[in-house]
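Trainee: coordinates only, sequence not included:
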């Protein structure tokens, strides 16, 4: 017998910060699933509207489902279409396994750590 899914939201925190016009960092902590994936999407849409590069820091994510995967793929496509970049950073081992199985490691740009604002600043002439 199937149990009804709890309609309450899973614990998720999404914090965004802008480092100049070139870089936005979206830090995600908690569980990403169908009850709260809209919050991740809203943060990424906002960040992609203002920054050239958006880093999605998943270091604090303890669970993700197909909602997170779908959101990241759609936001990657949005970034590419707009001439911007979406970069995923700090994947936990379980998330790296999911990214590998689903092919996201080849589709998305994934880094072990954030390069931060210093890497995104243009060099002096």
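Mentor: Here it is on my side, so go on. Keep in mind the model is a prediction, meaning the values are calculated, not measured.

Trainee: biggest helix in this protein by residues?
Mentor: helix 66-81 (DSSP state H).

Trainee: Can you give the strand pairings for the helix or strand that comes right after that helix, parallel or anti for each?
Mentor: Using DSSP states H and E, the helix or strand that follows helix 66-81 in sequence is strand 85-89. If you go by DSSP bridges, strand 85-89 pairs up with strand 53-64 (parallel), strand 109-111 (parallel).

Trainee: What lies in contact with strand 85-89?
Mentor: Identification of contacts with strand 85-89 by CB atoms under 8 Å, 6 or more residues apart in numbering yields 44, 48, 52-59, 72, 75-76, 79, 99, 104, 108-114. Any C-beta I mention is one placed from the backbone N, CA and C, and that applies to glycine too.

Trainee: run the last query once more with 10 Å
Mentor: 23, 25-28, 44, 47-48, 51-59, 72-73, 75-80, 95-96, 99, 104-105, 108-116, 120 (CB atoms under 10 Å, 6 or more residues apart in numbering).

Trainee: So how do I select the buried members of these in ChimeraX?
Mentor: Selecting only the buried entries of those in ChimeraX, with 16 or more other CB atoms under 10 Å as the criterion:
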select :23,25,26,27,28,44,47,48,51,52,53,54,55,56,57,58,72,73,75,76,78,79,95,96,99,104,105,108,110,114,120
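
Trainee: Tell me which other helices or strands the longest helix of the chain touches.
Mentor: strand 23-32, helix 37-50, strand 53-64, strand 85-89, helix 93-102, helix 104-107 (3 or more CB pairs under 10 Å, 6 or more residues apart in numbering; DSSP states H and E).

Trainee: Mean pLDDT added to these, as a markdown table?
Mentor: Output for the helices and strands packed on helix 66-81, formatted as a markdown table (pLDDT from 0 to 100):
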| stretch | mean pLDDT |
| --- | --- |
| strand 23-32 | 96 |
| helix 37-50 | 96 |
| strand 53-64 | 97 |
| strand 85-89 | 97 |
| helix 93-102 | 96 |
| helix 104-107 | 95 |
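
Trainee: Rebuild these as TSV, extending it with distance to residue 11.
Mentor: Formatted as TSV, those follow (distance: least, CB to CB, whole Å):
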stretch	distance to residue 11
strand 23-32	4
helix 37-50	11
strand 53-64	9
strand 85-89	21
helix 93-102	16
helix 104-107	23
